[in-house]
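> Following is a predicted model, sequence given first.
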Amino acid sequence: MKEYEKQLARMRRWCAMQERCEVETRIHANNLGYPKENIEKIIRRLTEEQFLNEERFAKLYAGGKFRNKRWGRQRIIGELRARQIPEEIIRKGLSEIDEEEYRQTIVNLVKHKIEVTDPSNVLLFKHRLAKSAIGKGYEPELVHQIIEELMKNKQVEQ
């Protein structure tokens, strides 16, 4: 039992450094060579003690990746699904993203791309503007809608 207590203490410290999810914790404990029965007990205990909380993880992950890396919802959803976060919790995590700030981020990405893109071929021009935002995980329909709005408002030189 002494080995289990040491492993639990080590995992507590690891979880205290930054927000973690169960999948990451299970992988880390497995990589450290902990026995499977200990891993399950450790995860249960960390969850009871609130070192692990999937909803808190999803909210911090979604908000942080959007604000710091400018990721779109689709990219964030994909990353959370890869960590086996339930859909309901993913939706709660995405609620941390302010809709107006989200739209403005797409506008800023598109405007930045306008400055470095050749506008001579209109279709290719629109494609290039959309490609970078869609590649960061923003919804294609929303990106195209914003590009059209910018072009109507003459903020994009044709």
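Done, it's in.
> Okay, and I106 sits in which element?
Here I106 sits within helix 99-115, counting by DSSP states H and E.
> Can you give me the domain assignment for this structure?
Domain segmentation of the chain under automatic domain parsing yields 2-48, 54-94, 99-152.
> measure L52 to Q145 for me?
L52 is 39 Å from Q145, where distance means CB to CB, to the nearest Å. All C-beta spots, glycine's among them, are computed from the backbone N, C-alpha and C.
> Over to K111?
Relative to Q145, and taking CB to CB, K111 is found at 15 Å.
> secondary structure element for I77?
helix 73-82.
> List the contacts of A16.
F51 (CB atoms under 8 Å, 6 or more residues apart in numbering).
> Just the pLDDT for it.
Listed pLDDT for A16 reads 95.
> Kindly report the same for T117.
On the pLDDT scale, T117 gets 83.
> what residues does stretch 3-10 touch?
Residues contacting stretch 3-10 (CB under 8 Å, 6+ apart): 29, 32, 34, 38, 41-42, 45-46.
> From the centroid of the chain, which residue is nearest?
With distances taken as CA atoms, centre = their mean, I76 lies nearest the centre of the chain, 3.0 Å away.
> just to revisit the earlier point, the helix holding I106 packs against which elements?
helix 122-135, helix 140-152 (3 or more CB pairs under 8 Å, 6 or more residues apart in numbering; DSSP states H and E).
> what's around I77, how many residues?
19 (other CB atoms under 10 Å).
> Buried residues, stretch 83-90. List them.
83, 85, 89-90 (16 or more other CB atoms under 10 Å).
> looking only at pLDDT, what's the mean for stretch 139-152?
93.
> closest to R13 among the buried residues of stretch 83-90?
R83 (20.8 Å; CB to CB).
> need the contact list for that closest one.
So R83 contacts 21, 23-24 (CB under 8 Å, 6+ apart).
> coming back round to it: would you turn the helices and strands packed on helix 99-115 into TSV with distance to C15 and mean neighbour count?
TSV is the format used below for these (distance: least, CB to CB, whole Å; neighbours: other CB atoms under 10 Å):
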stretch	distance to C15	mean neighbour count
helix 122-135	32	16
helix 140-152	35	15
